[in-house]
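Peer 1: sequence and predicted model, in that order:
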Amino acid sequence: MKFFVDTADTKDIAELAATGLLDGVTTNPSLIHKSGRDFMDVTKEICGLVDGPVSAEVVALDHPTMMKEAEILRKIADNVCIKVPLTIDGLKTCKALTSEGTMVNVTLCFSANQALLAAKAGATFVSPFVGRHDDNGFDGMALIEDIRLIYDNYDFGTEILVASVRHAIHVLQSAKIGADVMTAPPAVIRSLFNHVLTDKGIAGFLADWEKTGQKIG
Ligand code: G3P
């Protein structure tokens, strides 16, 4: 499963990219606002920090204006992935862009039927929002299971990008279901490295090593 980080904070992105485990970045208008940076500037900088796809979202609601925005965004770098909302105009834009070889992430997916439409529109990625699904009394991970089943039934190439990830259990469940990608805030990705028994084990080994009086090298 690929790991994307869901942020426009370049410090966090650079730190996580340095682990060698980061496969891409997702942003959205709220994350751009949180960064306090100019959209074009920060997107360009992010594209230079990772080799993988960097999702940059259009804000228009109609197909012709979405295409104009996408035209501007895709000139930023080769690894820009245009993010469009799961609407009729969004999917028209998706179809047009992917036919030209541009990567598209269809976002704000909340049902398996919507995901089916995104795949039929040739989406590179579909982003079901599991956390927001859970918040509203639905089962976010059941949605991922349904999409996996449907995509496998028809051999769709669209990658399931689990979004709105809130905690490590969402990551674990995504991997067990066989999602292609998950995008999570930096804190959730960092939490995956931690285990109290790892810390305890290191402390024990180092204490015993010190007693040997030896050095490596
Ligand atoms: O980037 C889309 C998605 O991951 C947003 O997550 O936490 O705002 O529901 P959240």
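Peer 2: Received the coordinates, thanks.

Peer 1: hey, what's the most centrally placed residue in the chain bridged with?
Peer 2: With distances taken as C-alpha atoms, centre = their mean, T183 lies nearest the centre of the chain, 3.0 Å away. Applying DSSP bridges to T183 gives these bridge partners: F4.

Peer 1: list the contacts for it?
Peer 2: The contact partners of T183, by C-beta atoms under 8 Å, 6 or more residues apart in numbering, come to F3, F4, V5, D6, G24, T26, S127, L161, V162, A163, V165. C-beta here means a position set from N, CA and C on the backbone, and glycine is covered the same way.

Peer 1: tell me which of these is nearest to the ligand?
Peer 2: The closest of those to the ligand turns out to be A163 (C-beta to the nearest ligand atom; 3.6 Å).

Peer 1: how many neighbours does the closest one have?
Peer 2: Residues lying near A163 (other C-beta atoms under 10 Å) number 28.

Peer 1: for the helix or strand encompassing L206, the distance to its chain's centre please.
Peer 2: If you go by DSSP states H and E, L206 is part of helix 196-212. With C-alpha atoms, centre = their mean, to the nearest Å as the basis, helix 196-212 stands 36 Å off its chain's centre.

Peer 1: only the buried residues of it, if you could.
Peer 2: When burial is assessed from 16 or more other C-beta atoms under 10 Å, helix 196-212 yields no buried residues.

Peer 1: ok, back up a step: so which of the contacts of T183 also contact the ligand?
Peer 2: Restricting those to those within reach of the ligand (C-beta under 6 Å from any ligand atom) leaves D6, T26, A163.

Peer 1: can you put those residues in a markdown table and add pLDDT?
Peer 2: Formatted as a markdown table, these follow (pLDDT from 0 to 100):
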| residue | pLDDT |
| --- | --- |
| D6 | 98 |
| T26 | 98 |
| A163 | 98 |
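
Peer 1: closest to V104 among those?
Peer 2: Of all the ones next to the ligand among the contacts of T183, T26 has the smallest distance to V104: 12.7 Å, by C-beta to C-beta.

Peer 1: neighbours around that closest one, how many?
Peer 2: The tally of other residues near T26 (other C-beta under 10 Å) stands at 26.

Peer 1: give the bridge partners for it, please.
Peer 2: Beta-bridge pairing for T26 (DSSP bridges): D6, S55.

Peer 1: residues in contact with it?
Peer 2: F4, V5, D6, V54, S55, K83, N105, S127, L161, A163, T183.

Peer 1: contacting residues around the fifth one?
Peer 2: For S55, the contacting residues are F4, G24, V25, T26, T27, N28, C81, I82, K83, N105, T107, F125, by C-beta under 8 Å, 6+ apart.
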